[in-house]
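Student: Requesting a structural model of the entry that follows:
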Amino acid sequence: MPTWRSIWLLIAAVLLCASSAEAQQEAPGAIRGRVYNRDFEMVLAGATITVVEAERTATSGAQGDFLIRDLPPGQYTVIVSASGFVSQVPPKVLVSPGGVYDLGTIELAADFTELEEFVAQDLLQMDTGTEAGLLQLRIESPSLIDSISSDLMSKAGASDAAGALKLVPGATVKDGKSAVIRGLPDRYVSSQMNGVRLPTADEDKRAVELDQFPSAVIENIQVSKTFTPDQQGDASGGAVDIRLKGLPDEFFFEFKSQIGFNSQTTGNDEFLTYRGGGVGFWDDGAERRAEQENGTNWDGAVGVSRGSASADHKWSAAFGGSHEFSNGVRFGGLLNFFYERDNSYYDNGIDDSYWVEEPGEGLVPKLGQRDGANTYKTQLLDVSRGSQEMQWGTLATFGVEWEDHQLGLVYLSTQTTEDTATLAEDTRGKEYFFPGYDPGDPTTPGHEEPDAAPYLRLETLEYTERNVTTLQLNGRHTFTDDGFGPFGRPEFDWTLADSSASMNQPDKRQFGSVWFGDRIAGGLLIDSNFRQYKPDANFTLGNLQRIFKRIDETSSQYFFNLKLPFQQWSGLDSYLKFGVFDDEVKRKYRQESYSNFTDPNNFFNGDWDEFWSEAWGTEDHIITEALVDVDYDGDLDVSATYMMANMPLHERLTMVTGVRFEKTNIDVVLDPEEEAKWFKPGFPGLIELNPGDGDASISDNATLPSLTFIWDATDTFTVRTAFARTIARPTFKELTPVLQQEFLGGPIFIGDPRTGLSSLENYDLRLDYTPYPGGLVSASYFIKDIKDPIEYVQRAQPFDYTTPVNYPEGELSGYELEFRQDLGYWTESLEGFSMGANATFINSNVDLPQDEIDEFADVEVDLRDRDMTAAPEHLYNVFLTYDVPASGTQLALFYTMQGDTLVEGAGIADGNFIPSVYAKSYDTLNFSLTQPFGQYVRLRFQAKNLTDPEIDTVYRAKEIGGDVTKTRFTAGVDYSIALTVRIPF
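Tutor: Residues are numbered from 1 along each chain as shown. Below you'll find the model as predicted:
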């Protein structure tokens, strides 16, 4: 855990950087740039560049370039003008000691009205699609903000919001979909799109699935790491806001096309799929899945097969523009359509289950379905998985602006379809207990004990469609100050949103078989054969399960904000802000299961390399409905009001404070089928689930204060401190005692209706040093004190499963370091090079409840606290980019590393100790090369995941010594070539 000594050392280091830079203030600087004729797309010679404060002028040369030297350090107003053109005023031109401020290319548009020279007045307008604009937003924001621009996303090869978020300091992504900020997972993070909290059909969490938003529609991603009252109350780790592209300034048409290859997937004839599997061009797989009459034989696929995967590819088309009419009304729109197909495959995965049977000894394979000394099964699985994914969608944005009013309409629909085939086989269990076992030789050890760790084969076929649709209407208005007393012109903004999400999983198939090799009994040879395998959780069903699941979630949301500007006692600009918020979420969870109960055809003669699933359709297996499913309806209503003030106490010290009053109502009503069972908390086994049993209801009223101080110590050095109180809510899944299992034999989750809310107290300190525009040195320290944190624990009753528990308390702390530099600022020899790096170090801890402490003590394990789940020990990001001005070539290198992360806490099963499971540290390296051809065409090559690390989870505890691998796989290296054509008109 970082100590206060380390914090002061951190502060001293940043102050030293500031003082060393200030010592150079006597050295003069310069301003350079290039002037371009926007209409004729050519350089503009003879333009006049005026530095107002220095009373200096210059003229652009034959190539449109200019350089103004010997300028004292400071901020200047620069006017770029030419006869017959609309002048431009670049915002906030800061000349640093000995530095050269590069204005880049300044485009002048023709002034056909021949009126007096016009100078742009909005000096604070920021282009939030670039890193420079987002850095400016970071400095001016009342909260601690980190961002990633569409420009940097493109260079990094991030294909969607999930990939882009990993570039933000302290941010990572769980399960490839949901945001984790500063080690706090989705329940502590408010994920939004254009400020709107979207619904999700993810059965595991209430978090926007970031992989559903392709980079083609994203302007930037902003992460606010401190809570202010105008944010939603569960923004404890942060508020992730995906800002979509808005109205373009000019009319354009853009087309992008990309083809990709994966080292493990493309061209591999052993790609895992199944008969009738795959995704259609427009995700029509659900319609293609054959229906079966209840009580008849199923002759469709129940197991995997081999095939090949096509090359990955994607394309998008966008058209948009805006026009200003003579009366000053500006109207515009943007249409964007995107399409993508992606494949992934690995055949080197493992998924092993171990435990400690004797205290003081190491791990041994976990035994299941034990019946005597020589009847048991292990789960040391070798895993292969093939996945095909298709995504398409549409973004439509329309807007109108006049005088002090803006109206906008946004429509976004994304459809994601994924078809996954999983093959998991256990042959290592037999070899562990019977060294020298040979499945083809009945005289070798282990054949005389056929029921001891027999071979297992588990096959899962999973087709899933996900859809998110949102329609948002928003407005922003500035009124006259008449009748508002001491206040200036009030600003009012509002948003109305109607959104929906769905997950359709038609006919998920799970097939299990156990294999017994040849053996000699009574002098006779008994041939090898397969028999039914039923995992503990599915003992009432057959060895084939067909599950039809659908989740529909809707959200109706609105919020209004009123901002009243005023001047405090010293005449400094301040404001009061008030608002209301309401979000009504409704979820429907429906599931129907079918299986081969009491199937008389319960064995198949064959060797291990034969698959019973291939012959299944030719046999007679009656499939009937299992009346054990539990549906539920969930309601989540969140309403809030807030008030806050942003007021300077001094010209260099600003206070931002306020309070949010937020009300939460959560209701879950179960609808069990007639034979449904459940695990009532505190009861030793399964009992009948009747209507009304297991329902959950939560009502909470929270008062959430916030206090932030912003000290501009110098023009380049800013200190921020913040305190806030926030909450975290359980998800529908965590409140619902429904058995959920990803694949046959996989981990099982069961919710608990007793799960309650968590509350957090958040403390933050940030130091920002911006020596010049685009340059940044930053350090942050944070503490999160959590009361009643929701953690996952392992239980055994009568089989192993995971369930949520409110632990007494927890704490998460850490610090972040960030560095961004234009290396050309320091020396001309490095002109065009930019470098950035950030590091986050996290320490977390939760206290175990007394009943768990006692359970561990019973197996001689002294465990009173542990790390928080999903909190990595560290996160590193480093990037280096090089822009070649002469050719327009761009090269970019991005390196990321995620440290060890607790996945699942330790538990007890059958009186045996199961250690904690950690995801081990791994890194990735991405490279991109972009080359423009003329004004309209750009070609890009990308190589992603060049390190291709083994992605491992391990068992870890002091009682077992070193780490023992639980799961492992690799993802392969991705290569792609993309062509972009953009035509302005």
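Student: in the stretch 1-150 of the chain, which spans are helices?
Tutor: 4-22, 131-140, 150-156 (DSSP state H, counting those that start in this stretch).
Student: Same check on the stretch 501-650 of the chain?
Tutor: Under DSSP H, counting those that start in this stretch, the stretch 501-650 of the chain gives helices at 612-615.
Student: what number of residues lie near the residue lying closest to Thr50 once chain neighbours are set aside?
Tutor: Setting aside the residues directly before and after it, Thr50 is nearest to Ile79 in space (Cβ to Cβ, 6 or more residues apart in numbering), at 4.5 Å. C-beta: built from backbone N, CA, C; applies to glycine. For Ile79, the neighbour count with other Cβ atoms under 10 Å is 17.
Student: Report pLDDT for Ile79.
Tutor: Ile79 carries a pLDDT value of 89.
Student: One more: Glu287?
Tutor: The model reports Glu287 with a pLDDT of 61.
Student: Contact partners for the residue nearest to Thr50?
Tutor: Counting by Cβ atoms under 8 Å, 6 or more residues apart in numbering, Ile79 makes contact with Thr48, Ile49, Thr50, Val52, Ser87, Gln88, Val89, Val119.
Student: So among those residues, which ones count as buried?
Tutor: Neighbour counting with 16 or more other Cβ atoms under 10 Å marks Thr48, Ile49, Thr50, Ser87, Gln88, Val89 as buried within the contacts of Ile79.
Student: now, which of those residues sits nearest Lys430?
Tutor: Lowest distance from Lys430 to the buried ones among the contacts of Ile79 (Cβ to Cβ) belongs to Gln88, with 75.7 Å.
Student: so what's the closest residue to the closest one other than its chain neighbours bridging to?
Tutor: Among residues not flanking Gln88 along the chain, Val80 sits closest, at 4.8 Å (Cβ to Cβ, 6+ apart). Beta-bridge partners for Val80, by DSSP bridges, are Ile49, Gln88.
Student: neighbours around Val80, how many?
Tutor: Neighbour tally, Val80, other Cβ under 10 Å: 24.
Student: quick one: contacts for it?
Tutor: Contacts for Val80 (Cβ under 8 Å, 6+ apart) come out as 33, 35, 47-50, 87-90, 103, 106, 108.
Student: ok, now Asn605?
Tutor: Residues in contact with Asn605, defined by Cβ under 8 Å, 6+ apart, are Asp527, Ser528, Asn529, Phe530.
Student: Produce a PyMOL select command limited to the buried residues of those.
Tutor: Restricted to buried positions by 16+ other Cβ under 10 Å, the PyMOL selection for the contacts of Asn605 reads:
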select buried, resi 528+529+530
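Student: what about the stretch 51-200 of the chain, any weak spots by pLDDT?
Tutor: For the stretch 51-200 of the chain, applying pLDDT under 70 flags the ranges 62-63, 110-143, 157, 175-176.
Student: Mind doing that once more with 50?
Tutor: Applying pLDDT under 50 to the stretch 51-200 of the chain flags the ranges 112-129.
Student: need the strands for it, in chain order.
Tutor: In the stretch 51-200 of the chain, the segments counted as strands under DSSP state E, counting those that start in this stretch are 56-59, 65-71, 74-76, 78-81, 93-95, 100-108, 145-149, 171-174, 178-181, 189-193.
Student: what does the stretch 351-500 of the chain give?
Tutor: Ranges of strands within the stretch 351-500 of the chain are 354-355, 364-365, 380-402, 405-426, 455-478, 491-516, based on DSSP E, counting those that start in this stretch.
Student: now those strands in JSON lines, with mean neighbour count, distance to Thr273 and mean pLDDT?
Tutor: Converted to JSON lines, the strands of the stretch 351-500 of the chain look like this (neighbours: other Cβ atoms under 10 Å; distance: least, Cβ to Cβ, whole Å; pLDDT from 0 to 100):
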{"stretch": "strand 354-355", "mean neighbour count": "22", "distance to Thr273": "31", "mean pLDDT": "96"}
{"stretch": "strand 364-365", "mean neighbour count": "18", "distance to Thr273": "31", "mean pLDDT": "96"}
{"stretch": "strand 380-402", "mean neighbour count": "20", "distance to Thr273": "6", "mean pLDDT": "94"}
{"stretch": "strand 405-426", "mean neighbour count": "20", "distance to Thr273": "5", "mean pLDDT": "94"}
{"stretch": "strand 455-478", "mean neighbour count": "21", "distance to Thr273": "9", "mean pLDDT": "94"}
{"stretch": "strand 491-516", "mean neighbour count": "21", "distance to Thr273": "13", "mean pLDDT": "94"}
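Student: For Asp867, find the nearest of those.
Tutor: Closest approach to Asp867 among those is made by strand 354-355 (19.7 Å; Cβ to Cβ).
Student: circling back to that earlier point, wait, which of the buried ones among the contacts of Ile79 is closest to Trp392?
Tutor: Checking the buried ones among the contacts of Ile79 against Trp392 with Cβ to Cβ, the nearest one is Gln88 at 39.2 Å.
Student: Verify the stated contact: that closest one with Leu108.
Tutor: Yes - in this structure, Gln88 is within contact of Leu108 by Cβ atoms under 8 Å, at 6.3 Å.
Student: Adding distance to Ala906, write the strands of the stretch 351-500 of the chain out as JSON lines.
Tutor: Compiled in JSON lines, the strands of the stretch 351-500 of the chain are given as follows (distance: least, Cβ to Cβ, whole Å):
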{"stretch": "strand 354-355", "distance to Ala906": "10"}
{"stretch": "strand 364-365", "distance to Ala906": "16"}
{"stretch": "strand 380-402", "distance to Ala906": "20"}
{"stretch": "strand 405-426", "distance to Ala906": "24"}
{"stretch": "strand 455-478", "distance to Ala906": "25"}
{"stretch": "strand 491-516", "distance to Ala906": "28"}
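Student: Which of the ones you listed sits closest to Gly522?
Tutor: Closest approach to Gly522 among these (Cβ to Cβ): strand 491-516, 16.2 Å.
Student: From the contact counts, what lies against that closest one?
Tutor: Counting contacts by 3 or more Cβ pairs under 8 Å, 6 or more residues apart in numbering; DSSP states H and E, strand 491-516 packs against strand 455-478, strand 529-532, strand 544-567, helix 612-615.
Student: Columns distance to Gly332 on top of these, output as a markdown table?
Tutor: Formatted as a markdown table, the helices and strands packed on strand 491-516 follow (distance: least, Cβ to Cβ, whole Å):
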| stretch | distance to Gly332 |
| --- | --- |
| strand 455-478 | 15 |
| strand 529-532 | 63 |
| strand 544-567 | 24 |
| helix 612-615 | 56 |
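Student: Of all the ones you listed, which one is nearest Gly512?
Tutor: Using Cβ to Cβ, the nearest of these to Gly512 is strand 455-478, at 5.2 Å.
Student: and the closest one, how far out from the chain's middle?
Tutor: Centre-to-centre, strand 455-478 and its host chain are 13 Å apart (Cα atoms, centre = their mean, to the nearest Å).
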